[in-house]
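Engineer: I would like the atomic coordinates for the input below:
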Amino acid sequence: MVGWLPGEPIALDRLADPAGTARQIGAFITALQQIDPTGGPEPGVHNAERGVPLANRDAQVRACIADLEGQIDTRAAEEAWETALAAEPWDGPPLWIHGDLQSGNLLVNRGRLTAVIDFGLLGVGDPACDLRIAWNLFTAQMRAAFREALPVDAAMWQRGRGWALSVALIALPYYQHTNPVLASISRRTIDEVLATAG
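Structural biologist: So this is what the prediction gives:
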């Protein structure tokens, strides 16, 4: 139980149908994007800049890669980041994004997804931001099901991979001595991104 909602944070070993859950999360993202974004808050300090163009995160990401020398494969991280930066930027209208889709904000009960919580980083911007869950939680099979459930092209998928990498690279040095759960999620995300071509 989380507050008054039944369920507990999602974990892969708690899912009755992992691929089905990935498709459900894809459907949630699609539904969120279909809400009229008029008047929605653009990315800013209030939502940790979630939804900005990836290029806006470049200096901070590169500084964090340098800080992680000896802890991760920094050369591979730089290559993955440059691949994401090279993807065609979002040129559509800003769409609604949750901004923080990760295991602590998804609840399951009896093996089924029951809630998405914590909308504190909600805003409108590049929808690729919400794809980062594909690397911060999902297995390869779930990632494939998730991608099939979404209206995404190759550029958006690469930007989503870049979002996953950038958030993890920034979070790891910040949390590694203070929050082992978030540090672990960050390490897993980096490993998943670097193990996949896109």
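Engineer: could you list the low-pLDDT ranges of this protein?
Structural biologist: 1-3, 198 (pLDDT under 70).
Engineer: residue boundaries of the helices in the chain?
Structural biologist: Secondary structure of the chain (DSSP state H): helices located at 18-33, 58-67, 74-86, 133-136, 140-148, 154-175, 180-195.
Engineer: can you tell me how far the residue nearest in space to the middle of the chain sits from Arg161?
Structural biologist: Nearest to the geometric centre of the chain sits Arg132, at 2.2 Å (Cα atoms, centre = their mean). Going from Arg132 to Arg161 by Cβ to Cβ, to the nearest Å gives 8 Å. To be clear about C-beta, it is placed using only N, CA and C from the backbone, and glycine gets the same treatment.
Engineer: thinking again about what came up before, now the helices of the chain in CSV, with distance to Gly39 and mean neighbour count?
Structural biologist: Below are the helices of the chain laid out as CSV (distance: least, Cβ to Cβ, whole Å; neighbours: other Cβ atoms under 10 Å):
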stretch, distance to Gly39, mean neighbour count
helix 18-33, 16, 19
helix 58-67, 29, 16
helix 74-86, 29, 17
helix 133-136, 26, 26
helix 140-148, 29, 17
helix 154-175, 24, 22
helix 180-195, 32, 18
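Engineer: tally up the residues packed near the nearest residue to Gly44 once chain neighbours are set aside, please.
Structural biologist: Excluding the flanking residues, the one nearest Gly44 by Cβ to Cβ, 6 or more residues apart in numbering is Gly123, at 7.6 Å. For Gly123, the count of nearby residues is 25 (other Cβ atoms under 10 Å).
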